[in-house]
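Enquirer: please work out how this folds:
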Amino acid sequence: MGAVPQTVVVVPCFNEAARLDDASFLALAAAPGIGVLFVDDGSTDGTAARLASLAARGDGAITALSLPGNAGKGEAVRRGLREALEGGATTIGYVDADLSTPVPEVLRLLAEMERRHAVVVMGARVALLGTAIARRAHRHYLGRLFATAASLVLGVRVYDTQCGAKFFRDTPAVRHALATPFASRWAFDVELIGRLLQGDPPLRPADFVEIPLQRWIDVSGSKIGPLQMVRTAWDLAVIAVRYHVRKRVP
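Expert: Modelled structure (predicted):
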């Protein structure tokens, strides 16, 4: 058995057999000190076989966790992050199975985390000159509305709560935030940030750093359709009520 990786990247998967990029994930797992933990969220296609094949070729740096049924992306991420912490990782995080945040960007986020001594690093999809952020217009504008609402809920200036690339150092606040399932299947990123800000002990806004991505690709096949967008907005309203109720509790 090899050394425990210092950083574990969790990848939630639900029916991703046709979209997994084996070469890119093998390259990520080959980076020094990094392990990849796939969480199969009750897939009904060939995802389990694809993950077993990747693990066999990952030289010990790729593992897979199978959930007995489809629990939702938030729970798949939470279970994977907890598994990584229990395995001894000192930095944990998650990326989407389609690698819309490419491997070089994932590695850059981790390097920025070290350089800035941040507790939490989050990728942000900001379409600046000199960047390659390929995002469909309707998703961009809906995302901006959602991010503005999330900022108001959390009381912190966060540009992009929903980018699927976030990393965390092992702290009591992070462990506390992951102790219980999220209420939301789709807006769990906001719920997680809120738990960290109200943690035991809480993180400060200064502990978070958003890094504008240089490249992000809106990969086809997303499972977030109009119905899920409506559900996500409803989840945000529920999170807002719970978050502000907790803030009033002495």
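Enquirer: bridged to the most centrally placed residue in the chain, which residues?
Expert: Centroid check for the chain by C-alpha atoms, centre = their mean gives Tyr94 as the closest residue, at 3.7 Å. Applying DSSP bridges to Tyr94 gives these bridge partners: Val10, Lys166.
Enquirer: from now on call the first residue 608
Expert: That works, and once the first residue is 608, the last one we named lands at Tyr701.
Enquirer: list the contacts of it.
Expert: Taking C-beta atoms under 8 Å, 6 or more residues apart in numbering, we find Tyr701 in contact with 616-619, 684, 687-688, 771-773. C-betas here are computed from N, CA, C, even on glycine.
Enquirer: again, 7 Å this time
Expert: Contacts for Tyr701 were tallied using C-beta atoms under 7 Å, 6 or more residues apart in numbering; they are 616-619, 684, 687-688, 771, 773.
Enquirer: what about the protein, any weak spots by pLDDT?
Expert: Within the chain, the stretches with pLDDT under 70 are 608-611, 827-837, 851-857.
Enquirer: contacting residues around stretch 634-644?
Expert: Contacting residues not belonging to stretch 634-644 are listed as 612-618, 632, 665, 668-670, 672, 687, 690-691, 710, 713-714 [C-beta under 7 Å, 6+ apart].
Enquirer: between the two ends of it, how far is it?
Expert: End-to-end span of stretch 634-644 (C-alpha to C-alpha, to the nearest Å): 14 Å.
Enquirer: just the buried residues of it, please?
Expert: Within stretch 634-644, the residues scored as buried using 16 or more other C-beta atoms under 10 Å are 635-636, 638, 641-644.
Enquirer: please apply the same query to stretch 672-679.
Expert: Applying 16+ other C-beta under 10 Å to stretch 672-679 flags 672, 674, 677-679 as buried.
Enquirer: which among those gets closest to Asp825?
Expert: Gly679 (21.6 Å; C-beta to C-beta).
Enquirer: so the closest one touches Ala790, yeah?
Expert: No - counting by C-beta atoms under 7 Å, Gly679 stays clear of Ala790, with 10.6 Å between them.
Enquirer: the domain parsing of this protein - what is it?
Expert: Following automatic domain parsing, one finds the domains of the chain at 608-704, 707-857.
Enquirer: and the ones you listed, which is most packed in?
Expert: domain 608-704 (a mean of 19; mean count of other C-beta atoms under 10 Å).
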